[in-house]
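Chemist: after the sequence you'll find the predicted model.
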Amino acid sequence: MKSFKESLIRLNEINEILNSGNCELEEAMDLYSEGVGLIKDCNIKLNAAKEKLDENV
């Protein structure tokens, strides 16, 4: 699993590729699926960090 920062960097790369319109449909679908997975991972990490913060308050 990538770090939160690495995931955000990769999401930005995916976004740039998809917005460029310079990829085939299959590649776009693969990138979209990868992005969805990265977003899910980021949300898990954010929720875990929030829980830790809530515990300390």
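Modeler: Structure received.
Chemist: phi and psi next, for Lys2.
Modeler: With angles defined as degrees, to the nearest 10, Lys2 sits at phi -80, psi 160.
Chemist: thought it was touching Gly37?
Modeler: No: with contacts counted by CB atoms under 8 Å, Lys2 stays clear of Gly37, the gap being 10.1 Å. Every C-beta, even on glycine, is put in place using the N, C-alpha and C of the backbone.
Chemist: so what touches stretch 16-33?
Modeler: With CB atoms under 8 Å, 6 or more residues apart in numbering as the test, stretch 16-33 has contacts from Ile14.
Chemist: give the buried residues for that stretch.
Modeler: Within stretch 16-33, the residues scored as buried using 16 or more other CB atoms under 10 Å are Leu31.
Chemist: chain center to it: distance?
Modeler: Here stretch 16-33 is found 15 Å from its chain centre; the criterion is CA atoms, centre = their mean, to the nearest Å.
Chemist: report the mean confidence score over that stretch.
Modeler: If you average the pLDDT over stretch 16-33, you get 96.
Chemist: can I get the CA coordinates of it in PDB?
Modeler: Extracted in PDB, the C-alpha atoms of stretch 16-33 (Å, rounded to 0.1, in the frame of the first residue of the first chain):
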ATOM      1  CA  GLU A  16      -3.700  14.600 -15.900                       C
ATOM      2  CA  ILE A  17      -3.600  11.600 -18.200                       C
ATOM      3  CA  LEU A  18      -7.400  11.200 -18.300                       C
ATOM      4  CA  ASN A  19      -7.900  14.900 -18.800                       C
ATOM      5  CA  SER A  20      -5.400  15.000 -21.700                       C
ATOM      6  CA  GLY A  21      -7.600  12.700 -23.700                       C
ATOM      7  CA  ASN A  22      -4.500  11.000 -25.000                       C
ATOM      8  CA  CYS A  23      -5.300   7.400 -23.900                       C
ATOM      9  CA  GLU A  24      -7.300   4.600 -25.300                       C
ATOM     10  CA  LEU A  25     -10.500   3.600 -23.700                       C
ATOM     11  CA  GLU A  26      -9.100   0.400 -22.100                       C
ATOM     12  CA  GLU A  27      -6.200   2.400 -20.600                       C
ATOM     13  CA  ALA A  28      -8.600   5.100 -19.300                       C
ATOM     14  CA  MET A  29     -10.800   2.400 -17.700                       C
ATOM     15  CA  ASP A  30      -7.700   0.900 -16.000                       C
ATOM     16  CA  LEU A  31      -6.600   4.300 -14.800                       C
ATOM     17  CA  TYR A  32     -10.000   5.100 -13.500                       C
ATOM     18  CA  SER A  33     -10.100   1.800 -11.600                       C
END
